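> show me the folded form of this:
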Amino acid sequence: MTTAVDILVVGAGTTGLTLALQAHDHGAQVRVVERRPEPFRPSRALILHPRSLEVLRPLGVTDALLERADTAPTAHLHLGSRVVETRLADLALPDTAFPHLSLLRQMDVETVLTQALADRGVTVERGTELINVRDDGHSARAVLRSQHGIEEIRCPFIVGCDGPASTVRAFAGIGWHGRPYAAEVILADLDLDGVSGPSGPSGLSGAQVFAGRQGLMFLFPLGEQATWRLLATRASTGEPGQSFGQPGAAVPRAEVQRLLNDAELEARIGHLAWSARVPLQCALARRFRQGRLFLAGDAAHNYSPATGQGMNAGIQDAINLGWKLGFAAGRFSGESADVLGTDVLLDSYERERRPAAHRRIFLTHTAFWAEASTGRIPSWLRAVAAPLATPAIPVLLEQRRLIAEAIRVISQLRVNYRRSPLSVEGTPRLRGAPRPGDRLPDATVSVGGPPRRLHEVLARPGVHLLLQRDADPPPDAVLGPHVNVLRLTNSPGRGLVAVRPDGHVGFRCGIDAAGLAGWLSLIGAAAPPPIRS
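Now for the predicted structure:
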């Protein structure tokens, strides 16, 4: 029986890869298994949100992601016979280094994350399937099957990042609240001939969005096997046996051409590389944790594609859980575990991320109703009201604060964990600083040299203690190996703000050394007690 790892990650999509990186960089030995022998294609996600880029930055992968992304995308909205162009760069978000939406294929994100793991000596074990898992009270146990045979593994924690049909969730006995949508998504990669569009007869440029009575149709210049990726919403065929969120049966060429015709796009399909129907559901796991078994990403929640939440929500789940498992793993040794010392920390994952997932379900459900429902009201809004309102859209798009606030909500920049047990207010209370549980905004700071952006300074793993200019330094005896101390010389006062590895404030105080020591101990970041002879 294998016991060489702290965390077994099941599933090598963006969620599993991110979680493995985050846990590894916070002290855990990780192993990643994936039942598919090759990376999953085609990409289903195409947008990376600002908050996702923020939380990935300390893992050292953001530059590689941005090299592959379109960070200044344009979108042409086709509303009847009218076309409105909008730019999705520089979205008036001064408190983030990434004030834009990034068009980036899921396959590119996975490639970057896989390489980052390989650089750390962690290889994704493809063609390895989880066939059983249980929590025996002392450890988590899994049975794996690969070309090398059957293997049983024992470790402190197992995380299911294995999608809507999660094997981990099934064996953990965690219920699944959900229902299918009456609409489905049609995906295809294709080349177009004879295109006439907003950039003239020479062709289309940028993303294209067509609104009609039957739903929306998108064309992104991000195809993996052809120039364009088509995404359209249509009434579901309800074919039995399909897996929600997974590409199913191919769509006949004539039907894909009919989608283009219905959008009044004067173009013919030159080459149809592939196509698929994707059934959708709206679902949420009853719990995100059962003992030593955890769920993240699509294994914990399922959304419609509206507002691009799936990949981004999974990444942010993984960042939240990864550091907690990394710190908790340090308290486990063999058959014994400091259960009392880790329960608050590990329970906080569900207490923080499940309410956030519940709110996203409401957001995506509302957006998908407007985008895809064929009911009388949404059909009328898309086909009649939207074209009539076209002259007002440029004026609306100029309301930068309004657009910025919408992006904050969509990208989870507004998510906070104020009710989390890890969000602690010290004494005396520190005024004028972000509240415990809030995301730490970016700002210009001085740390003993030229002014720099705060998120740049904090772009490495670990807990960050931000001292005001005149604050007493915390005693070295309470600082664990993953705690970094910085003094902000442009911030007068004697207070302190402690920032978690996921970029949320965990603790703030005026002068409270005992309170800080207690909080570091709570999250597993305090220095270990001395060994007594």
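
> so residue 213 touches residue 379, yeah?
Yes: counting by CB atoms under 8 Å, residue 213 touches residue 379, with 4.4 Å between them. In short, each C-beta sits where N, CA and C put it, glycine included.

> flag the shaky bits of the protein, pLDDT-wise.
Low-confidence segments of the chain (pLDDT under 70): 1-3, 196-203, 239-242, 332-341, 397, 530-533.

> which residue ranges of this structure form helices?
14-24, 50-56, 62-68, 106-119, 167-172, 253-262, 310-329, 339-372, 376-380, 386-388, 393-397, 400-410, 454-457, 513-523 (DSSP state H).

> quick one, which of these is packed in tightest?
helix 14-24 (a mean of 29; mean count of other CB atoms under 10 Å).

> now do it: which elements does it pack against?
Helix 14-24 is packed against strand 7-10, strand 30-34, helix 106-119, helix 310-329, with contacts defined by 3 or more CB pairs under 8 Å, 6 or more residues apart in numbering; DSSP states H and E.

> neighbours of the residue nearest to residue 77 when sequence neighbours are not counted, how many?
Spatial nearest neighbour of residue 77, chain neighbours left out: residue 84 (4.5 Å); criterion: CB to CB, 6 or more residues apart in numbering. Neighbours of residue 84 under the rule other CB atoms under 10 Å: 20.

> quick one: residues contacting residue 84.
By CB atoms under 8 Å, 6 or more residues apart in numbering, the contact set of residue 84 is 76, 77, 390, 393, 394, 397.

> ok, so of these, who is nearest residue 176?
Closest approach to residue 176 among the contacts of residue 84 (CB to CB): residue 77, at 35.9 Å.

> isn't that closest one up against residue 389?
No: in this structure, residue 77 is not within contact of residue 389 by CB under 8 Å, at 10.9 Å.

> which of those two has more neighbours?
Neighbours per residue, other CB under 10 Å: of residue 77 and residue 389, the larger number sits with residue 77, 20 against 14.

> and for stretch 127-146, what are the contacting residues?
Here stretch 127-146 has contacts from 3, 8, 10, 33-37, 125, 147, 150-158, 162, 167-168, 171-172, 290-293, 335, 337, using CB under 8 Å, 6+ apart.

> ditto for stretch 516-533
With CB under 8 Å, 6+ apart, stretch 516-533 has contacts from 324, 327-328, 330-331, 341-342, 344-345, 421-422, 424, 426, 462-463, 465, 474-483, 496, 498, 500, 506-507, 509.

> pull out the buried residues from those residues.
324, 327-328, 330-331, 342, 345, 422, 424, 426, 462-463, 465, 474, 478-480, 482-483, 496, 498, 500, 506-507, 509 (16 or more other CB atoms under 10 Å).

> now do the contacts for residue 370.
Residues in contact with residue 370 (CB under 8 Å, 6+ apart) are 378, 381, 382.

> try 10 Å this time
For residue 370, the contact set (CB atoms under 10 Å, 6 or more residues apart in numbering) comprises 211, 216, 306, 377, 378, 381, 382, 386.

> quick one: the nearest residue to the third one once chain neighbours are set aside and residue 382, what's the gap?
The one in question is residue 306. Leaving aside its sequence neighbours, residue 306 sits nearest to residue 367 (CB to CB, 6+ apart; 3.7 Å). Residue 367 sits 13 Å away from residue 382, taking CB to CB, to the nearest Å as the criterion.

> how about residue 468?
Using CB to CB, residue 468 is found at 52 Å from residue 382.

> compare the two (neighbour count), which wins?
More neighbours surround residue 382 than the other of residue 468 and residue 382, with 24 against 20 (other CB under 10 Å).

> how close does that one get to residue 308?
Look at residue 382 and residue 308: by CB to CB, they are 19 Å apart.

> any idea how far stretch 361-372 is from the middle of the chain?
Computed by CA atoms, centre = their mean, to the nearest Å, the separation of stretch 361-372 from the middle of its chain amounts to 18 Å.

> with stretch 223-243 instead?
Distance, stretch centre to chain centre, for stretch 223-243: 22 Å (CA atoms, centre = their mean).

> and residue 409, which of the helices and strands packed on helix 14-24 is closest to it?
helix 310-329 (12.6 Å).

> got the angle for that closest one vs helix 400-410?
Relative orientation of helix 310-329 versus helix 400-410 (axes from the mean of the first three to the mean of the last three CA atoms, to 10 degrees): 60 degrees.

> what angle sits between helix 310-329 and strand 30-34?
140 degrees.

> now helix 310-329 - C-alpha only, PDB.
Output of helix 310-329 as PDB, limited to C-alpha atoms (Å, rounded to 0.1, in the frame of the first residue of the first chain):
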ATOM      1  CA  GLY A 310     -17.100  27.000 -14.800                       C
ATOM      2  CA  MET A 311     -13.300  27.000 -15.200                       C
ATOM      3  CA  ASN A 312     -12.900  30.200 -13.100                       C
ATOM      4  CA  ALA A 313     -15.000  28.900 -10.200                       C
ATOM      5  CA  GLY A 314     -13.000  25.700 -10.200                       C
ATOM      6  CA  ILE A 315      -9.700  27.500 -10.100                       C
ATOM      7  CA  GLN A 316     -10.800  29.700  -7.200                       C
ATOM      8  CA  ASP A 317     -12.100  26.600  -5.300                       C
ATOM      9  CA  ALA A 318      -8.700  25.000  -5.800                       C
ATOM     10  CA  ILE A 319      -6.800  28.000  -4.600                       C
ATOM     11  CA  ASN A 320      -9.000  28.200  -1.500                       C
ATOM     12  CA  LEU A 321      -8.700  24.600  -0.600                       C
ATOM     13  CA  GLY A 322      -5.100  23.900  -1.800                       C
ATOM     14  CA  TRP A 323      -3.300  26.000   0.800                       C
ATOM     15  CA  LYS A 324      -5.600  24.700   3.600                       C
ATOM     16  CA  LEU A 325      -4.800  21.100   2.700                       C
ATOM     17  CA  GLY A 326      -1.100  22.000   2.400                       C
ATOM     18  CA  PHE A 327      -1.000  23.400   5.900                       C
ATOM     19  CA  ALA A 328      -3.200  20.700   7.400                       C
ATOM     20  CA  ALA A 329      -1.000  18.000   5.900                       C
END
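
> any idea how far that helix is from the chain center?
With CA atoms, centre = their mean as the basis, helix 310-329 stands 9 Å off its chain's centre.

> what angle separates that helix from helix 339-372?
Going by the same axes, to 10 degrees, helix 310-329 makes 180 degrees with helix 339-372.

> need phi/psi at the residue nearest to residue 299 when sequence neighbours are not counted.
In space, and not counting its chain neighbours, residue 299 is closest to residue 166: 3.7 Å by CB to CB, 6+ apart. Note on residue 166: backbone dihedrals following degrees, to the nearest 10 are phi -60, psi 130.

> right, I'll leave it there.
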